[in-house]
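**Q** From the sequence below, what's the structure:
(2 chains)
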Amino acid sequence: MSAAPHEDNVIDPPHIERAPSPATDEPSTAARFHIFIVDSGWNSAAHRVLVENFALIRNLQKDDPIYVLSREQSIEFQRHHGSRIGRDPIIAVHDMEALDKGGAAGFHGFRLSLGLLRTPQQALMGLQAFVRFLVTHRRSTDLEADIRANLRREGLMGAIEIIMHHEVREIGE
Amino acid sequence: MPERFGEIMTMLMGALALGYVVYEIERRRRKLHDLWDVLDGEDAFLTEKLEDMVESGELRPYTGMTLA
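**A** Next up is the predicted model:
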């Protein structure tokens, strides 16, 4: 991909360290997920939270490879998918089991648009929920159903909180 | 007459409160689905592109412990 021109509203790109050799660095077990991080470098709370907590995410998620797009690749991605601008960092998870079974035409993973979370606390909670879901559902036999159930549960919790006048789980304000 | 007025006001306030709860639940549901999105046929092109980048070696597993 071609390099995008430098823009004032982006900060320095994530430092990309290339793997020495796939043969020596591939996860020991078959990867259930391929995880992709798209981050064009907006100076946002979500970007900072991702950078500050990446080592922990890496350690918790050792069984599946994480692919980090360079800033240039991320900007190129955003240029082709304009509606996603401002939603990054985006973490896309491909469910390799679903991809092997049915290709990309049906359900094959999920995506967290971390950049929609405006405060550091919201971004951190979103990231923690994301990693928790990945770790606890790695062996799921029906990931799509699990995700939809999770969303329903979150929606229900939100409804209860509205009724109880609590705002602690407020998202993205 | 005042009793009737009171009843109407109570019903009106109740309907408004219920409407607010429904609106707020729907707003949060949309926000949650914006944040967490499933990948399906609409994302097929992008998914295949990313997997092609992996296959071709353009993208490799990130082994570093820091992003910046």
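
**Q** remind me which residues of chain B are low pLDDT?
**A** Across chain B, the ranges flagged by pLDDT under 70 are B:1-2, B:68.

**Q** ranges for the strands of chain A?
**A** A:33-38, A:66-68, A:90-95, A:109-113 (DSSP state E).

**Q** can you check chain B too?
**A** Counting by DSSP E, the strands of chain B are B:36-39.

**Q** Who are the packing partners of the lengthiest helix in it?
**A** In chain B, assigned by DSSP state H, the helix with the most residues is helix B:2-35. Counting contacts by 3 or more CB pairs under 8 Å, 6 or more residues apart in numbering or on different chains; DSSP states H and E, helix B:2-35 packs against strand A:109-113, helix A:143-164. In short, each C-beta sits where N, CA and C put it, glycine included.

**Q** Recalculate using a threshold of 10 Å.
**A** Judged by 3 or more CB pairs under 10 Å, 6 or more residues apart in numbering or on different chains; DSSP states H and E, the packing partners of helix B:2-35 are strand A:109-113, helix A:120-136, helix A:143-164.

**Q** which ones are touching A:L112?
**A** A:L112 makes contact with A:46, A:87, A:89-93, A:126-127, A:129-131, A:133-134, B:35-37 under the criterion CB atoms under 10 Å, 6 or more residues apart in numbering or on different chains.

**Q** how about the nearest residue to A:F133, chain neighbours excluded?
**A** A:N150 (6.7 Å; CB to CB, 6 or more residues apart in numbering or on different chains).

**Q** List the residues that contact that neighbour.
**A** Applying CB under 10 Å, 6+ apart to A:N150 gives the contacts A:F110, A:A129, A:F133, A:H137, B:L32, B:W36.

**Q** now the strands of chain A in JSON lines, with mean pLDDT?
**A** JSON lines is the format used below for these (pLDDT from 0 to 100):
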{"stretch": "strand A:33-38", "mean pLDDT": "93"}
{"stretch": "strand A:66-68", "mean pLDDT": "93"}
{"stretch": "strand A:90-95", "mean pLDDT": "93"}
{"stretch": "strand A:109-113", "mean pLDDT": "90"}
